[in-house]
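>>> task: produce atomic coordinates for the following.
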Amino acid sequence: MLSEILDNQIDCYDQSIDPDARIGHKTVNSSFYGYKTHLAMTDERIITAATITSGEAFDGQELPVLVQKSKAAGATVNEVIADTAYSTLENLKDAQSNDYKLISKLNPSIIKGTRSEDGFIFNKDADTMQCPAGHLAIKYRIDKRSNQKKNTRIKYFFDINKCHVCPYRNGCYKENAKTKTYSITIKSDYHKNQEAFQKTQYFKERFKTRYMIEAKNSELKNIHGYSRCDAAGLSNMQLQGAVSIFAVNLKRILKLKGEVCPNEKK
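Residues are numbered from 1 along each chain as shown. The predicted structure follows:
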């Protein structure tokens, strides 16, 4: 009975005592409290760089740091294979300026847009948008949105006098609204190039190897106890990360050299 109580006490930890930990999300319905470790790894499965952030931090913003750390450690970075979170416009620019291929799929909303089929089409003859009732936009405005770090958007304006009597106005035109607009986001050249790149056979074949980083994460968590932090605070998590990564790298180096790893069966 006492042993069971002690075990329960060991497994129980108070989230509020860690001032640096935050809530992050793996999926819409799955969350965790703690930290994230962002890794860079070679094809030989040697970790070349890592950054540790609180749980809510966006994965994609860590890529330039990981690339620079890897180069500083002596690694040659010709390409980076990563999930969709890393295919941001900033990272596409970084890949081009630092001369490496970014093998990361674009978010589907970039390729297909976020709008459902709503009946609005681009009339190429009139060179403007056309609504479901067949009316053409009367003017447009270009919003660059550079200060928001978003792609340029074209906003089309429609004649609301026609909207007032339109048979399709329900769900399209808001009663008493002073304007009726329809916006289209323009893909940057970086996005266009990446969209074409991810259709190539080279991209598809190289992207298949992304599973290796997930396997390395699993090794850290399941074999080296990295699924939870040993002590509160970001600095302690960074220390734990450094020790754990050193251990898995040492094991991998020994294996590549043909020597016996500490936890392998003879």
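>>> I figured His191 hits Ile110, correct?
Yes - using Cβ atoms under 8 Å, His191 is in contact with Ile110, at 5.6 Å. (Glycine included, C-beta is placed from N, CA and C.)
>>> show me which strand runs longest in the protein.
Scanning the chain for the strand with the most residues, using DSSP state E, yields strand 30-41.
>>> tell me which strands and helices whichever helix or strand comes after it is in contact with?
Helices and strands here follow DSSP states H and E; after strand 30-41, the next one along the chain is strand 47-54. Contacts defined by 3 or more Cβ pairs under 8 Å, 6 or more residues apart in numbering; DSSP states H and E place strand 47-54 against strand 30-41, helix 63-72, helix 234-256.
>>> rebuild these as a markdown table, extending it with mean neighbour count, distance to Ala177 and mean pLDDT.
Formatted as a markdown table, the helices and strands packed on strand 47-54 follow (neighbours: other Cβ atoms under 10 Å; distance: least, Cβ to Cβ, whole Å; pLDDT from 0 to 100):
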| stretch | mean neighbour count | distance to Ala177 | mean pLDDT |
| --- | --- | --- | --- |
| strand 30-41 | 18 | 38 | 91 |
| helix 63-72 | 17 | 42 | 98 |
| helix 234-256 | 16 | 48 | 95 |
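>>> Gln96: how many residues sit nearby?
Residues contacting Gln96 under the criterion other Cβ atoms under 10 Å number 15.
>>> mind checking how far Val77 is from Asp43?
Going from Val77 to Asp43 by Cβ to Cβ, to the nearest Å gives 12 Å.
>>> sorry, that was for Glu259
20 Å.
>>> of Val77 and Asp43, give the one with the bigger neighbour count.
Neighbour totals were compared for Val77 and Asp43, and Val77 leads with 19 against 10 (other Cβ under 10 Å).
>>> quick one: that one is in a strand?
No - using DSSP: H, G, I helix; E, B strand; the rest coil, the secondary structure at Val77 is coil, not a strand.
>>> distance of Ala40 from Ala72?
11 Å.
>>> please disregard the earlier target; I meant Cys163.
59 Å.
>>> how's the chain carved up into domains?
18-105+198-256, 111-187 (automatic domain parsing).
>>> which residue is the nearest non-sequential neighbour of Ile111?
Nearest non-adjacent residue to Ile111, counting by Cβ to Cβ, 6 or more residues apart in numbering: Glu195, 5.8 Å away.
>>> what helix or strand is the one you found located in?
Assigned by DSSP H and E, Glu195 falls in helix 189-197.
>>> straight-line length of stretch 36-48, end to end?
Counting by Cα to Cα, to the nearest Å, you get 17 Å between the two ends of stretch 36-48.
>>> go on, stretch 45-65?
Stretch 45-65 end-to-end distance (Cα to Cα) = 19 Å.
>>> ok now it, how far from the chain's centre?
Counting by Cα atoms, centre = their mean, to the nearest Å, stretch 45-65 is centred 11 Å from the centre of its parent chain.
>>> when you give positions from now on, start the count at 687
Taking 687 as the first residue, the last one we looked at is stretch 731-751.
>>> just the buried residues of that stretch, please?
Buried residues in stretch 731-751, counting neighbours by 16 or more other Cβ atoms under 10 Å, are found at 731-741, 743, 745-750.
>>> do the same with stretch 808-821
Thr814, Met815, Gln816, Cys817, His821.
>>> now the third one: closest residue in space, sequence neighbours ignored.
What that stands for is Gln816. Using Cβ to Cβ, 6+ apart, the nearest residue to Gln816 is Asn809, at 4.3 Å.
>>> before we move on, back to that, including distance to Thr865, could the helices and strands packed on strand 733-740 go into a markdown table?
Formatted as a markdown table, the helices and strands packed on strand 733-740 follow (distance: least, Cβ to Cβ, whole Å):
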| stretch | distance to Thr865 |
| --- | --- |
| strand 716-727 | 39 |
| helix 749-758 | 40 |
| helix 920-942 | 48 |
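>>> would you tell me which of these gets closest to Tyr868?
Of all the helices and strands packed on strand 733-740, helix 749-758 sits nearest to Tyr868, with 34.1 Å by Cβ to Cβ.
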